[in-house]
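Asker: for reference, the sequence and a predicted model appear below.
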Amino acid sequence: MSARETAAEAGPRAFEALARAAARRETADERSLRREFVTFTLDGDPYALPIERVREIVRMRAITPVPRVPAAIRGVISLRGEVVEVLDLRRRFGLPDRAPTRASRIVVLHGEDGMVTGLLVDSVRDVLRITEDLVRPTDRGDCEGVSALLSRGDQFVSLLDLERVLDLAG
C-alpha cells in the first residue's frame with residue numbers, strides 16, 4: 001500500500017503530515033534562494049514588486065483628487081477608515097493617461113514608519129516564484145524605476161525599485 005493510500009484512509013490529518021514531510025525535503029538553501037513577486041501590467045508590459053512589500057490588492061474605487069500634489073499622485077482613497085495616497089504608475093512612467101478599467105487595481109504597499117501608499121496599475125497578474133539566479137540586475141543606471149529583470153520563460157518582467165518610483169522629486 002502506498003503512502004498516499006495510507007494517508008487517504010487515515011483522513012485529512014494524514015494528508016497534512018504528508019505535505020509537511022514533502023516540504024521538509026526541500027533544503028534550507030533552496031528555500032533561501034526562492035523569491036516571490038506580485039506581477040502586474042502597465043500599458044501591456046509586465047512588472048513586478050517584491051511580495052513582502054505588498055500589504056493587499058484592492059479593486060478600483062473612487063479616488064479623491066488632492067490639490068497641489070505632483071501629477072503622478074492620482075489622489076487618496078479611504079481603505080477601512082485609513083487614508084491611502086494613490087500613485088498612478090502610468091503617469092509616473094510617462095505612459096499615456098487612460099481611465100481605470102474593471103481590471104485596474106490598487107496595490108497597497110507597506111511603507112516605512114507605518115506610511116501606506118497605493119499604486120494604481122492596469123491589472124494584477126499573479127505571484128511569480130523564482131530562484132535568485134533568474135534575477136538579472138539592469139546594466140544601465142538610468143532605467144526609470146527598474147532595478148532588475150526577472151526571467152519568466154522567454155519573457156522578462158521588470159522589477160520595480162520602489163524607492164526610486166516613490167521618490168517623486170526625482
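Answerer: Perfect, I can see it now.
Asker: low-confidence ranges in the protein?
Answerer: The chain contains residues with pLDDT under 70 at 1-12, 14-15, 18-33, 140-143, 169-170.
Asker: which residues touch the spatially most central residue of it?
Answerer: Nearest to the geometric centre of the chain sits residue 38, at 2.9 Å (CA atoms, centre = their mean). Residue 38 makes contact with 48-49, 51, 54, 57, 107, 124, 126-128, according to CB atoms under 8 Å, 6 or more residues apart in numbering. Where C-beta positions appear, they are placed from N, C-alpha and C, glycine not excepted.
Asker: return the distance of the helix or strand hosting it from the chain's centre.
Answerer: Here residue 38 sits within strand 34-42, counting by DSSP states H and E. The chain centre lies 5 Å from the centre of strand 34-42; the measure is CA atoms, centre = their mean, to the nearest Å.
Asker: before we move on, what about stretch 37-49?
Answerer: Relative to the centre of its chain, stretch 37-49 is centred 8 Å away, using CA atoms, centre = their mean.
Asker: excluding its backbone neighbours, what's nearest residue 49?
Answerer: residue 38 (5.1 Å; CB to CB, 6 or more residues apart in numbering).
Asker: can you tell me how far that neighbour sits from residue 119?
Answerer: 10 Å (CB to CB, to the nearest Å).
Asker: overlap of the contact sets of these two?
Answerer: Joint contacts of residue 38 and residue 119 (CB under 8 Å, 6+ apart) are 49, 107.
Asker: how far away is residue 151 from residue 159?
Answerer: In terms of CB to CB, residue 151 sits 11 Å off from residue 159.
Asker: looking at the two, which is more packed in?
Answerer: residue 159 (24 against 14; other CB atoms under 10 Å).
Asker: quick one: contacts for that one?
Answerer: 37, 47-50, 135, 146-150.
Asker: using TSV, lay out those residues together with neighbour count, distance to residue 77 and secondary structure.
Answerer: Below are those laid out as TSV (neighbours: other CB atoms under 10 Å; distance: CB to CB, whole Å; DSSP: H, G, I helix; E, B strand; the rest coil):
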residue	neighbour count	distance to residue 77	secondary structure
37	24	24	strand
47	25	21	strand
48	25	23	strand
49	20	18	strand
50	14	23	strand
135	16	32	strand
146	19	26	strand
147	16	27	strand
148	17	29	strand
149	19	31	strand
150	20	29	strand
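Asker: which one of those is nearest to residue 78?
Answerer: Each of the contacts of residue 159 was checked against residue 78 using CB to CB; the closest is residue 49, at 22.8 Å.
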